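In: got a structure for you, letters missing:
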Ligand SMILES: Nc1nc2c(c(=O)[nH]1)N=C([C@H](O)[C@H](O)COP(=O)(O)OP(=O)(O)OP(=O)(O)O)CN2
Ligand SMILES: [Zn+2]
């Protein structure tokens, strides 16, 4: 049996993947994305923290899945994103997902959103201002 020193708390990061399909248009875009069109979005939610010595987990994958499904996926899947975001770029969608989850998901570290295969945005919350 492997030996782990459980009193030596170590951080870890978990990531859970989600999908939704939605329509959007970019009202300030000079090109085809100005017109209404759709994407199959994919996003990863990352949670960081110390591994609980009793459970051996940072957070329960199942609890993360429930929270994100309820508060994000069910609100955007098969919807028009412009109904609640004025300019639904990948950057703004990732930020909206992060800010929706942050009060509900302790340890939320990052949202990585793929709008089209090979192109993603990473949002990590507000950057620290000058000291
Ligand atoms: N930084 C960003 N750039 C672009 C965004 C965005 O949200 N953030 N969004 C778009 C368009 O909405 C669209 O999602 C991407 O279009 P495009 O690059 O044209 O990719 P397609 O796969 O749809 O088209 P191809 O011409 O086949 O590559 C644009 N940029
Ligand atoms: Zn688009």
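Out: It's in. Since we're looking at a predicted model, the values are computed, not measured. Ligands and ions are numbered 1, 2, ... in the order given.
In: can you list the residues that contact stretch 74-90?
Out: Contacting residues not belonging to stretch 74-90 are listed as 20-28, 36, 41, 92-93, 96, 113, 115, 119-121 [C-beta atoms under 8 Å, 6 or more residues apart in numbering]. Just so you know, the C-beta spots here come from the backbone N, C-alpha and C atoms, and that holds for glycine as well.
In: hmm, which of these are the buried ones?
Out: Using 16 or more other C-beta atoms under 10 Å as the burial test, the contacts of stretch 74-90 include 20, 22, 24-26, 41, 92-93, 96, 113, 115, 120-121 as buried.
In: So which of the contacts of stretch 74-90 sit within helices?
Out: If you go by DSSP state H, the contacts of stretch 74-90 have 92-93, 96 in helices.
In: tell me, which of these make contact with ligand 1?
Out: Contacts with ligand 1 are made by none of these, judged by C-beta under 6 Å from any ligand atom.
In: closest to residue 102 among these?
Out: Within the ones in helices among the contacts of stretch 74-90, proximity to residue 102 (C-beta to C-beta) peaks at residue 96, which comes in at 10.9 Å.
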